[in-house]
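Visitor: heads up, no residue letters with this:
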(Lines give C-alpha, C1' and ligand atoms only; values in the text may rest on other atoms or scores of the structure.)
Protein backbone atom coordinates (compact mmCIF):
# COMPACT_ATOMS: atom_id res chain seq x y z
CA UNK A 1 0.00 0.00 0.00
CA UNK A 2 1.04 3.62 -0.55
CA UNK A 3 -0.28 6.64 1.28
CA UNK A 4 -1.05 10.23 0.24
CA UNK A 5 -0.88 11.27 3.87
CA UNK A 6 -1.51 9.97 7.36
CA UNK A 7 -4.55 7.69 7.44
CA UNK A 8 -5.10 7.87 3.65
CA UNK A 9 -4.11 4.47 2.25
CA UNK A 10 -4.60 3.73 -1.43
CA UNK A 11 -3.64 0.73 -3.53
CA UNK A 12 -0.34 0.84 -5.32
CA UNK A 13 -0.65 1.23 -9.09
CA UNK A 14 -0.73 -2.09 -10.95
CA UNK A 15 0.41 -2.33 -14.54
CA UNK A 16 -1.88 -4.64 -16.54
CA UNK A 17 -0.04 -6.43 -19.31
CA UNK A 18 -2.12 -7.94 -22.07
CA UNK A 19 -1.15 -11.52 -22.95
CA UNK A 20 0.82 -12.01 -26.13
CA UNK A 21 -0.67 -13.90 -29.08
CA UNK A 22 1.48 -16.89 -28.14
CA UNK A 23 0.21 -16.83 -24.54
CA UNK A 24 -3.38 -16.51 -25.74
CA UNK A 25 -3.03 -19.52 -28.06
CA UNK A 26 -1.20 -21.49 -25.38
CA UNK A 27 -3.95 -20.76 -22.86
CA UNK A 28 -6.56 -22.05 -25.28
CA UNK A 29 -4.67 -25.27 -26.05
CA UNK A 30 -3.70 -25.99 -22.45
CA UNK A 31 -7.21 -25.19 -21.21
CA UNK A 32 -8.74 -27.69 -23.62
CA UNK A 33 -6.25 -30.39 -22.70
CA UNK A 34 -6.01 -30.00 -18.94
CA UNK A 35 -9.68 -29.27 -18.21
CA UNK A 36 -11.54 -31.19 -20.95
CA UNK A 37 -9.10 -33.76 -22.38
CA UNK A 38 -9.61 -32.19 -25.82
CA UNK A 39 -7.14 -31.29 -28.54
CA UNK A 40 -7.52 -28.04 -30.52
CA UNK A 41 -10.42 -28.19 -32.94
CA UNK A 42 -10.06 -28.98 -36.62
CA UNK A 43 -12.23 -27.52 -39.39
CA UNK A 44 -15.38 -29.43 -38.32
CA UNK A 45 -16.17 -30.74 -34.85
CA UNK A 46 -19.31 -32.37 -33.47
CA UNK A 47 -19.37 -32.18 -29.67
CA UNK A 48 -21.57 -34.65 -27.80
CA UNK A 49 -22.46 -35.33 -24.18
CA UNK A 50 -20.44 -38.51 -23.56
CA UNK A 51 -18.33 -41.34 -24.91
CA UNK A 52 -21.34 -43.52 -25.76
CA UNK A 53 -22.63 -40.73 -28.03
CA UNK A 54 -19.25 -40.67 -29.77
CA UNK A 55 -19.51 -44.45 -30.25
CA UNK A 56 -23.01 -44.34 -31.74
CA UNK A 57 -22.41 -41.52 -34.24
CA UNK A 58 -19.02 -42.89 -35.29
CA UNK A 59 -20.51 -46.32 -35.84
CA UNK A 60 -23.36 -44.86 -37.91
CA UNK A 61 -20.85 -43.10 -40.16
CA UNK A 62 -18.83 -46.31 -40.47
CA UNK A 63 -21.90 -48.29 -41.55
CA UNK A 64 -22.83 -45.70 -44.19
CA UNK A 65 -19.30 -45.82 -45.58
CA UNK A 66 -19.26 -49.62 -45.66
CA UNK A 67 -22.72 -49.97 -47.24
CA UNK A 68 -22.81 -46.99 -49.63
CA UNK A 69 -19.21 -45.79 -50.04
CA UNK A 70 -20.11 -42.28 -48.83
CA UNK A 71 -17.97 -40.89 -46.03
CA UNK A 72 -20.16 -38.77 -43.77
CA UNK A 73 -17.08 -37.55 -41.90
CA UNK A 74 -15.42 -36.16 -45.03
CA UNK A 75 -15.52 -32.36 -45.08
CA UNK A 76 -13.22 -31.77 -48.04
CA UNK A 77 -16.15 -30.47 -50.14
CA UNK A 78 -15.74 -27.28 -48.11
CA UNK A 79 -12.58 -26.57 -50.10
CA UNK A 80 -10.36 -27.14 -47.08
CA UNK A 81 -7.91 -29.87 -48.02
CA UNK A 82 -8.15 -33.07 -45.98
CA UNK A 83 -10.90 -31.60 -43.81
CA UNK A 84 -12.41 -34.22 -41.55
CA UNK A 85 -15.38 -34.10 -39.20
CA UNK A 86 -14.37 -35.20 -35.72
CA UNK A 87 -16.85 -36.39 -33.09
CA UNK A 88 -15.65 -35.57 -29.60
CA UNK A 89 -16.78 -35.16 -26.03
CA UNK A 90 -15.28 -33.14 -23.17
CA UNK A 91 -14.19 -35.23 -20.20
CA UNK A 92 -13.48 -34.19 -16.64
CA UNK A 93 -9.69 -34.33 -16.98
CA UNK A 94 -9.14 -33.05 -13.44
CA UNK A 95 -11.30 -35.61 -11.66
CA UNK A 96 -9.31 -37.57 -9.05
CA UNK A 97 -10.49 -41.02 -10.23
CA UNK A 98 -10.09 -42.74 -13.64
CA UNK A 99 -13.82 -43.48 -13.75
CA UNK A 100 -14.66 -39.87 -13.01
CA UNK A 101 -12.29 -38.64 -15.72
CA UNK A 102 -14.29 -40.58 -18.32
CA UNK A 103 -17.56 -38.87 -17.49
CA UNK A 104 -19.05 -36.26 -19.75
CA UNK A 105 -22.47 -34.75 -19.25
CA UNK A 106 -24.36 -31.53 -19.80
CA UNK A 107 -22.70 -29.66 -16.90
CA UNK A 108 -19.32 -30.22 -18.50
CA UNK A 109 -20.70 -29.01 -21.83
CA UNK A 110 -21.84 -25.82 -20.12
CA UNK A 111 -18.36 -25.25 -18.70
CA UNK A 112 -16.80 -25.85 -22.13
CA UNK A 113 -19.17 -23.36 -23.78
CA UNK A 114 -18.20 -20.66 -21.29
CA UNK A 115 -14.53 -21.48 -21.84
CA UNK A 116 -14.91 -21.18 -25.62
CA UNK A 117 -16.52 -17.77 -25.24
CA UNK A 118 -13.21 -16.46 -23.91
CA UNK A 119 -11.44 -17.64 -27.05
CA UNK A 120 -14.00 -16.76 -29.70
CA UNK A 121 -11.39 -14.88 -31.77
CA UNK A 122 -9.39 -18.10 -32.19
CA UNK A 123 -12.48 -19.96 -33.39
CA UNK A 124 -13.29 -17.18 -35.84
CA UNK A 125 -9.77 -16.84 -37.21
CA UNK A 126 -9.41 -20.60 -37.70
CA UNK A 127 -12.92 -20.81 -39.22
CA UNK A 128 -13.63 -23.74 -36.89
CA UNK A 129 -17.16 -25.08 -37.33
CA UNK A 130 -18.52 -26.53 -34.09
CA UNK A 131 -21.91 -28.12 -33.48
CA UNK A 132 -23.15 -29.44 -30.15
CA UNK A 133 -25.38 -32.52 -30.60
CA UNK A 134 -27.34 -33.11 -27.40
CA UNK A 135 -30.30 -35.09 -26.14
CA UNK A 136 -33.71 -33.44 -26.46
CA UNK A 137 -34.39 -33.39 -22.72
CA UNK A 138 -34.07 -30.91 -19.88
CA UNK A 139 -30.28 -31.17 -19.78
CA UNK A 140 -29.96 -30.83 -23.55
CA UNK A 141 -32.22 -27.82 -23.66
CA UNK A 142 -30.07 -26.35 -20.90
CA UNK A 143 -27.02 -26.74 -23.14
CA UNK A 144 -28.78 -24.89 -25.95
CA UNK A 145 -29.62 -22.08 -23.50
CA UNK A 146 -25.97 -21.94 -22.39
CA UNK A 147 -24.93 -21.54 -26.04
CA UNK A 148 -27.35 -18.64 -26.46
CA UNK A 149 -26.33 -17.05 -23.15
CA UNK A 150 -22.68 -17.15 -24.25
CA UNK A 151 -23.59 -15.11 -27.33
CA UNK A 152 -23.25 -17.90 -29.87
CA UNK A 153 -25.84 -18.59 -32.56
CA UNK A 154 -27.57 -21.75 -31.32
CA UNK A 155 -29.37 -22.17 -34.65
CA UNK A 156 -26.06 -23.06 -36.27
CA UNK A 157 -24.21 -24.39 -33.23
CA UNK A 158 -26.66 -26.86 -31.69
CA UNK A 159 -28.74 -29.83 -32.77
CA UNK A 160 -31.02 -31.56 -30.29
CA UNK A 161 -32.41 -35.01 -30.89
CA UNK A 162 -35.88 -33.59 -31.42
CA UNK A 163 -37.98 -35.93 -33.51
CA UNK A 164 -40.37 -33.07 -34.30
CA UNK A 165 -37.59 -31.36 -36.28
CA UNK A 166 -37.96 -33.99 -38.99
CA UNK A 167 -41.15 -36.02 -38.60
CA UNK A 168 -40.54 -37.76 -41.93
CA UNK A 169 -37.41 -39.32 -40.44
CA UNK A 170 -38.86 -40.11 -37.01
CA UNK A 171 -42.57 -40.79 -37.67
CA UNK A 172 -43.03 -43.06 -34.64
CA UNK A 173 -41.29 -40.76 -32.15
CA UNK A 174 -42.69 -37.29 -32.79
CA UNK A 175 -45.06 -37.38 -29.82
CA UNK A 176 -42.26 -37.85 -27.29
CA UNK A 177 -41.46 -34.77 -25.21
CA UNK A 178 -37.92 -36.04 -24.57
CA UNK A 179 -35.49 -37.97 -26.73
CA UNK A 180 -32.09 -39.42 -25.83
CA UNK A 181 -29.58 -40.90 -28.21
CA UNK A 182 -30.56 -44.51 -27.46
CA UNK A 183 -34.05 -43.68 -28.77
CA UNK A 184 -32.48 -43.38 -32.23
CA UNK A 185 -31.49 -47.05 -32.23
CA UNK A 186 -33.94 -49.49 -33.75
CA UNK A 187 -36.22 -51.39 -31.40
CA UNK A 188 -34.95 -54.56 -33.08
CA UNK A 189 -31.36 -54.15 -31.93
CA UNK A 190 -32.42 -52.92 -28.46
CA UNK A 191 -34.74 -55.91 -28.07
CA UNK A 192 -31.90 -58.26 -29.05
CA UNK A 193 -29.68 -56.69 -26.38
CA UNK A 194 -32.48 -56.95 -23.81
CA UNK A 195 -33.11 -60.61 -24.68
CA UNK A 196 -29.60 -61.50 -23.52
CA UNK A 197 -30.90 -61.01 -19.99
CA UNK A 198 -29.62 -59.18 -16.95
CA UNK A 199 -30.32 -55.71 -18.33
CA UNK A 200 -30.91 -52.66 -16.21
CA UNK A 201 -33.67 -50.70 -17.94
CA UNK A 202 -37.29 -49.65 -18.01
CA UNK A 203 -39.49 -50.88 -20.85
CA UNK A 204 -42.65 -49.22 -22.14
CA UNK A 205 -45.13 -51.61 -23.78
CA UNK A 206 -48.06 -51.08 -26.10
CA UNK A 207 -50.37 -53.98 -26.93
CA UNK A 208 -47.78 -56.35 -25.55
CA UNK A 209 -44.97 -54.99 -27.74
CA UNK A 210 -41.95 -53.08 -26.43
CA UNK A 211 -42.13 -49.45 -27.59
CA UNK A 212 -39.26 -47.88 -25.68
CA UNK A 213 -36.23 -48.98 -23.68
CA UNK A 214 -34.72 -46.58 -21.13
CA UNK A 215 -31.27 -47.89 -20.27
CA UNK A 216 -29.54 -47.42 -16.93
CA UNK A 217 -26.37 -48.40 -15.14
CA UNK A 218 -23.92 -50.78 -16.78
CA UNK A 219 -26.45 -51.67 -19.47
CA UNK A 220 -26.27 -48.12 -20.81
CA UNK A 221 -22.50 -48.45 -21.05
CA UNK A 222 -22.58 -51.97 -22.55
CA UNK A 223 -25.16 -51.24 -25.24
CA UNK A 224 -22.76 -49.46 -27.68
CA UNK A 225 -20.52 -52.53 -27.84
CA UNK A 226 -23.49 -54.73 -28.66
CA UNK A 227 -24.63 -52.28 -31.34
CA UNK A 228 -21.19 -52.36 -32.96
CA UNK A 229 -21.29 -56.15 -33.11
CA UNK A 230 -24.90 -56.73 -34.09
CA UNK A 231 -26.45 -53.67 -35.78
CA UNK A 232 -27.11 -53.23 -39.47
CA UNK A 233 -27.36 -49.85 -41.16
CA UNK A 234 -31.14 -49.92 -40.78
CA UNK A 235 -30.70 -50.13 -37.01
CA UNK A 236 -28.85 -46.81 -36.87
CA UNK A 237 -30.61 -44.97 -39.69
CA UNK A 238 -31.98 -42.31 -37.31
CA UNK A 239 -28.43 -41.63 -36.10
CA UNK A 240 -27.42 -41.16 -39.72
CA UNK A 241 -30.13 -38.52 -40.03
CA UNK A 242 -28.50 -36.56 -37.21
CA UNK A 243 -25.18 -36.54 -39.08
CA UNK A 244 -26.98 -35.43 -42.24
CA UNK A 245 -28.59 -32.54 -40.35
CA UNK A 246 -25.20 -31.35 -39.10
CA UNK A 247 -23.64 -31.63 -42.56
CA UNK A 248 -26.52 -29.58 -43.96
CA UNK A 249 -25.93 -26.87 -41.34
CA UNK A 250 -22.32 -26.64 -42.51
CA UNK A 251 -23.25 -26.54 -46.19
CA UNK A 252 -21.68 -29.91 -46.96
CA UNK A 253 -23.25 -32.13 -49.64
CA UNK A 254 -25.29 -35.12 -48.53
CA UNK A 255 -25.80 -38.39 -50.40
CA UNK A 256 -29.22 -39.44 -51.59
CA UNK A 257 -29.39 -42.34 -49.17
CA UNK A 258 -33.16 -42.51 -49.45
CA UNK A 259 -32.81 -43.83 -52.98
CA UNK A 260 -30.83 -46.85 -51.84
CA UNK A 261 -33.40 -49.55 -51.13
CA UNK A 262 -31.01 -51.44 -48.87
CA UNK A 263 -30.61 -48.57 -46.40
CA UNK A 264 -34.28 -47.66 -45.72
CA UNK A 265 -33.16 -44.15 -44.75
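Guide: Okay, I see it. Just so it is clear, the structure is predicted and the values come from calculations on it, not from any experiment.
Visitor: From here on, just use CA atoms for contacts and neighbour counts.
Guide: Noted.
Visitor: Now do the helices in the stretch 1-150 of the chain.
Guide: Along the stretch 1-150 of the chain, counting by DSSP state H, counting those that start in this stretch, helices occupy 21-36, 51-68, 98-101, 106-117, 120-126, 138-149.
Visitor: Residue 213 is nearest to which of those helices?
Guide: Closest approach to residue 213 among those is made by helix 51-68 (16.0 Å; C-alpha to C-alpha).
Visitor: which residue is nearest the centroid of this structure?
Guide: residue 48 (1.6 Å; C-alpha atoms, centre = their mean).
Visitor: Quick check, pLDDT for it.
Guide: Listed pLDDT for residue 48 reads 97.
Visitor: and what of the one 3 residues further on?
Guide: Residue 51 carries a pLDDT value of 93.
Visitor: That one: how many residues sit nearby?
Guide: By other C-alpha atoms under 10 Å, 19 other residues sit near residue 51.
Visitor: what's the answer for residue 152, then?
Guide: Counted with other C-alpha under 10 Å, residue 152 comes out at 18.
Visitor: Touching, residue 29 and residue 40? I think so.
Guide: Yes. Between residue 29 and residue 40 there is a contact under C-alpha atoms under 8 Å: 6.0 Å.
Visitor: quick revisit: could you check how far the residue nearest to the centre of the chain is from residue 188?
Guide: Look at residue 48 and residue 188: by C-alpha to C-alpha, to the nearest Å, they are 25 Å apart.
Visitor: List the residues that contact the residue nearest to the centre of the chain.
Guide: 54, 87, 88, 89, 90, 132, 133, 134 (C-alpha atoms under 8 Å, 6 or more residues apart in numbering).
Visitor: Any figure for the gap between the third one and residue 112?
Guide: Okay, so that is residue 88. Distance from residue 88 to residue 112, by C-alpha to C-alpha: 12 Å.
Visitor: now do the fifth one
Guide: Distance of residue 90 to residue 112, given as C-alpha to C-alpha: 8 Å.
Visitor: who's more crowded, these two?
Guide: Ranked by neighbour count (other C-alpha under 10 Å), residue 90 and residue 112 place residue 90 first, with 27 against 19.
Visitor: Which residues are in contact with that one?
Guide: Contacts of residue 90 by C-alpha under 8 Å, 6+ apart are 36, 37, 38, 47, 48, 49, 50, 104, 108, 109, 112.
Visitor: low-confidence ranges in the protein?
Guide: For the chain, applying pLDDT under 70 flags the ranges 1-18, 99-102, 104, 163-177, 258-265.
Visitor: mind redoing it with 80?
Guide: Applying pLDDT under 80 to the chain flags residues 1-19, 93-105, 162-177, 257-265.
Visitor: Would you map the strands across this structure?
Guide: 2-3, 9-10, 44-47, 85-88, 129-134, 158-160, 201-206, 209-215 (DSSP state E).
Visitor: Tabulate these in CSV, adding columns for mean neighbour count and distance to residue 180.
Guide: Formatted as CSV, the strands of the chain follow (neighbours: other C-alpha atoms under 10 Å; distance: least, C-alpha to C-alpha, whole Å):
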stretch, mean neighbour count, distance to residue 180
strand 2-3, 10, 60
strand 9-10, 11, 57
strand 44-47, 21, 15
strand 85-88, 20, 17
strand 129-134, 23, 8
strand 158-160, 23, 9
strand 201-206, 12, 14
strand 209-215, 16, 9
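Visitor: Could you save the ones you listed as JSON lines and add columns showing distance to residue 231?
Guide: Compiled in JSON lines, those are given as follows (distance: least, C-alpha to C-alpha, whole Å):
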{"stretch": "strand 2-3", "distance to residue 231": "73"}
{"stretch": "strand 9-10", "distance to residue 231": "70"}
{"stretch": "strand 44-47", "distance to residue 231": "23"}
{"stretch": "strand 85-88", "distance to residue 231": "20"}
{"stretch": "strand 129-134", "distance to residue 231": "22"}
{"stretch": "strand 158-160", "distance to residue 231": "23"}
{"stretch": "strand 201-206", "distance to residue 231": "19"}
{"stretch": "strand 209-215", "distance to residue 231": "16"}
